[in-house]
Structures are given as structure tokens and as C-alpha cells.
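A.B. asks: model the following, please.
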Amino acid sequence: MRKAFDRQTRLDLQPVADVRLNLNCRDEIVPILQALQHIYSQPKLRDDILRAIARDVNQDSSRKQGRQGMDYWQILVLAAVRLGCNLNYDKLQDLAEQHRALRQIMGIGDWDEAISFDWRRIQDNLIKIRPETVQRINHLIVAEGHRLVPDAAETVRADSFVAKTNIHYPTESSLIRDGLRKILQIGAGLAVLVGAGGWRQHQHLHKKVKGLAREIDRIAARKGTGYQQRLKRPYRELLGLAQTIIDRAEKLRKQVKRRTCTEILALDADLKTFLERTLHVCGTARRRVLQGEQVSNSEKLFSIFEPHTQLYKRGKAAEPVQFGRQVLIYEDGAGFVTHAYLLPRDQNDRDVVVEQTRLLQRRLQQRIRRASFDRGFHSPENQRELAQIVAEPCLPMPGVHQASQQEAEATIAFRQARQRHPGIESAIGALQAGNGLARCRDRSERGFRRYVQLGMLGRNLHVLGKLLIARQDATSQAAQSRRKQAAA
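C.D. replies: Numbering: from 1, shown residues only. Got it, this is the predicted structure:
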């Protein structure tokens, strides 16, 4: 049984809008709680958000039946604080049980000491929210921010960054080791359930796999004369052992057919997934190491567990190679992240900028007048089409001669946009350092998309809270922004 929020007046609980916050505290939770107070005090905005959460949480169940579950408002508050303050679930649990102002905004009184927020309970509720729902909540919060600061929507600046997936450095030997470990683990459990033989030595086989993988790692690390040839022998042994284990797993799967037990079918589905991914990595390793082929990155798999991971070579001095997914963001004049888009694996900035700018312009009701980008977005077609979407686009040209000519012919608005555009790097730095987007801690591609949108939600609530606090007391510590001071 669930409800949107507790409407009952209590002696030990102040109304959410009356909870006092320490505006002289510089901690990031203060503006986030201020923004949540504001959302709670706007019934239409609050109800729109809670209805969206309710559709996800009770998608396959009734909210009127079963035991008491977390309120939709509590789920929203915990989702906002998690990446708004860049917390893991353990720290979020401790705050939910100990932070008095947070508990009061969640609707929990001082007498409710028995209420527990186990981290597993928080996680089980938060992962029910779809990425599309978090994105819609972001749009509603940005719209509320634009109601308070109407001019903010007139100016946007865009750039992309790589949000890393939570993987180890991928080598083919380590990926084969990961895949065989899961195949042996799942196969041994499945064999017990169906009464099949041939899996008694699964731990011994795993030790052999690890030994061969370590030998490959040592040769690759030391290199030396002819190390490519020396790699072939352990790779042949590893691939031969992998094929033996895979054949045994395929034989086991044939015995599972026509079984109706839910547990057996679930294990069989997992086994099939890891078999396919391990076979893929074995194929690329055989072609690259044994046959000497050049395998393109588009054909490679960079993680057994996060197959959506992509390799990016963006020329960054500190990180020449990055593993993750590329995210395109648009920031408006007030600091709100008005739009975030996860790029497909086979596309880059210049492929998507026109479509995404047009989509944002339509959503903001044609209010964008100035938009700035960097050289990575440029193409002659993009230059023409962006001029039709935005009145004053700023899209620098690559190349010394083209850039010099463009600068000589540029308007004052173009030069001002070029000067202000580097501020988007500050927004990206804030998302990575303050909102957990340096590395995704959630699993699966769906979890990755939700994680990115939750990071944007935390950043937008932070910006909204600072705007609201500045209206109350512009001199308070919680209203100060280092980004604004640096820009000034």
C-alpha cells in the first residue's frame, strides 16, 4: 500500500514548507532541500511529479493493497539527494535516518524513530523509476525555473562529455576470464537444479582460467622482443579451455529445455547471455592475436557486464582513452541543464546537434535566441540548419584560416557567445565532481540512462534552490556560487 505523501497533521512534525534550513551552511544538501520545499508548495507541479513516479512504482501492482511502502514523495526526495549530493546508498541511508531536516521534508516526525531506511529498500524503490520519468521530472523543474527567471531560456550553450561506465580496464584476456567465471558459476548452480553431471570441477577450471589470464597479463606488461609471438601460446590454451567450457555449457542448456521452473529458466537466460558475450570476445581475440587482424572498435566488446560501453579517443591530455558513453548537455543562462541526450554508439556531436537543438527549441516554445557550441559540432550543413533554428548561433569553424575569417566577420553577439561558452566546461565539471557523473555506479544500459538523468535532476534542484535562497537572503552562504563569482 502506498500514498503520495502523508496529509495528516502531526504534533511532532512541521509542515514541509515550514521546515527551517541553515542558510549559512555551504553544504550542497541545503539548496536541494530548499528546492524540494518549493516543489512541495506548488500543488500542480508536485502532483504532476508524484503521478509520474506512481505510474512507475505501481506499474504492475495496486497502490491500495499490500504492506506499507515508501511514499512517492519520499522516493522523490531520496532520488534527488542521492546524486544531488553524490552519495552512495550507505551514506544516503545514514542521512535518511539521522538528518533531521531531511526527515522532516520527507514527512517523518521526531517520534518516528523506528522507521528504517535500509539501503536495499532505498535501492529497490529508486530503480523502479524509468529514465524517461526522471527526464520528464527534469523538464518540469526546468520549466519552473524558467517561470522564476524568464530570460534564462534565451541563451544556451552545449557540449558533450564521456560518463564512464563502472568497469575495469578491458583486455581480451580479462574479458574472457570474466565471461568464463560467470559461465562456470551459473552452470554449476544450474547443473545442481537439473541433476546434470560434469560440473564438479568448476572451481578447478576457474583457477586454470585465472592462471592463463595472469600469464598473458605478465607477458603483455613486460613486452620485450617478440612478445606478440609469445602471447600466442597462452592465448591458444585460454581459447581452447574457453571452448571446452562453452561446449559443456551448451550441452547443459539442451538438458534445461522443456523445464518450466522459474528459477531454472532465469539461470538459463543468464547463461545464454554470458555465453554469447564470451563467444564474441573469444572471436575478436582469435582474429587479433592469433590471426594478426586489425579489429575495429565498433566490433569490440569492452565489458562482459556493461556491453553498452564504448571507447572514446577525444585527445584529452589526462585521459587519452575513455570507456563509457558520450552525453550531450545544454545549459541555459541561469545554470539549469535544460536538455541531456545520451549519444548512440555510432554517432558523434556533429551528427546529433541539429536534431537535439531543434527538439529543445520546440520544447522551450521557440524562446532560444542564442546558442553556442565548439568546433567539434561544425559542419557546413550544421552551420546552415542551426541558423534556421536559432536566431544567433555561435558555431566556430575549424582550421586557422577559416576561423580567422569567421572571427573578422563576426558580430558582437558572436564574440560574446564565444567568450561565455567555456562556462559549459564548469557545468560539466560540477556534474562530474558534484553529481556523480564521472563514473556511473548503476548497472545495465537502462540503469546508466537513469543514473545520468538523476545526476541532471540533482544539478537542476541545486540551481533552483540557490535561486530561491538568493531571493530570501542574497548574502547567505547557501546562496553563493563559485561559478558565478568566477564568471564575474
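A.B. asks: which outside residues touch stretch 8-23?
C.D. replies: The set of residues external to stretch 8-23 that reach it, using Cβ atoms under 8 Å, 6 or more residues apart in numbering, is 30, 33-34, 36-37, 40-41, 101, 104-105, 107-112, 469, 472-473, 476-479. (Each C-beta comes from the backbone N, C-alpha and C, glycine too.)
A.B. asks: can I get stretch 256-267 in CSV, CA atoms only?
C.D. replies: Output in CSV follows, covering the C-alpha atoms of stretch 256-267 (Å, rounded to 0.1, in the frame of the first residue of the first chain):
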residue,chain,number,x,y,z
VAL,A,256,17.2,-27.4,-19.5
LYS,A,257,14.8,-27.3,-22.4
ARG,A,258,11.2,-28.1,-21.6
ARG,A,259,11.7,-27.2,-18.0
THR,A,260,9.1,-24.8,-16.5
CYS,A,261,10.7,-23.9,-13.2
THR,A,262,11.1,-20.1,-13.0
GLU,A,263,14.5,-20.3,-11.2
ILE,A,264,15.9,-22.6,-13.8
LEU,A,265,14.6,-20.5,-16.7
ALA,A,266,16.1,-17.4,-15.2
LEU,A,267,19.5,-19.0,-14.8
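A.B. asks: buried residues of that stretch, list them for me.
C.D. replies: Buried residues in stretch 256-267, defined by neighbour count with 16 or more other Cβ atoms under 10 Å: 256, 267.
A.B. asks: ignoring the adjacent residues along the chain, who's closest to H462?
C.D. replies: Distances taken as Cβ to Cβ, 6 or more residues apart in numbering put P31 closest to H462, at 5.2 Å, once the chain neighbours are dropped.
A.B. asks: out of the contacts of stretch 8-23, list just those in helices.
C.D. replies: Using DSSP state H, the subset of the contacts of stretch 8-23 located in helices is 30, 33-34, 36-37, 40, 101, 104-105, 469, 472.
A.B. asks: sorry, back to before: just the buried members of the contacts of stretch 8-23?
C.D. replies: Taking 16+ other Cβ under 10 Å as the criterion, what is buried in the contacts of stretch 8-23 is 30, 33-34, 36-37, 40, 101, 104-105, 107-108, 469, 476, 478-479.
A.B. asks: shaky segments in this protein?
C.D. replies: Scanning the chain for pLDDT under 70 picks out 1, 66-67, 113-114, 315, 317, 403, 408-409, 482-488.
A.B. asks: let me see the domain layout of it.
C.D. replies: Domain segmentation of the chain under automatic domain parsing yields 16-129, 133-167+309-487, 172-299.
A.B. asks: from the chain's centroid, how far away is the last one?
C.D. replies: Average the C-alpha atoms of domain 172-299, do the same for its chain, and the two points are 29 Å apart (Cα atoms, centre = their mean, to the nearest Å).
A.B. asks: ends of that domain, how far apart?
C.D. replies: Using Cα to Cα, to the nearest Å, the end-to-end distance of domain 172-299 comes out at 13 Å.
A.B. asks: got it, and the first one?
C.D. replies: Between the opening and closing residues of domain 16-129 there is a gap of 23 Å (Cα to Cα).
A.B. asks: which residue packs closest to L238, ignoring adjacent ones?
C.D. replies: Distances taken as Cβ to Cβ, 6+ apart place L212 nearest to L238, at 4.3 Å, with adjacent residues excluded.
A.B. asks: shouldn't that neighbour be in contact with L239?
C.D. replies: No: counting by Cβ atoms under 8 Å, L212 does not reach L239; the two are 9.5 Å apart.
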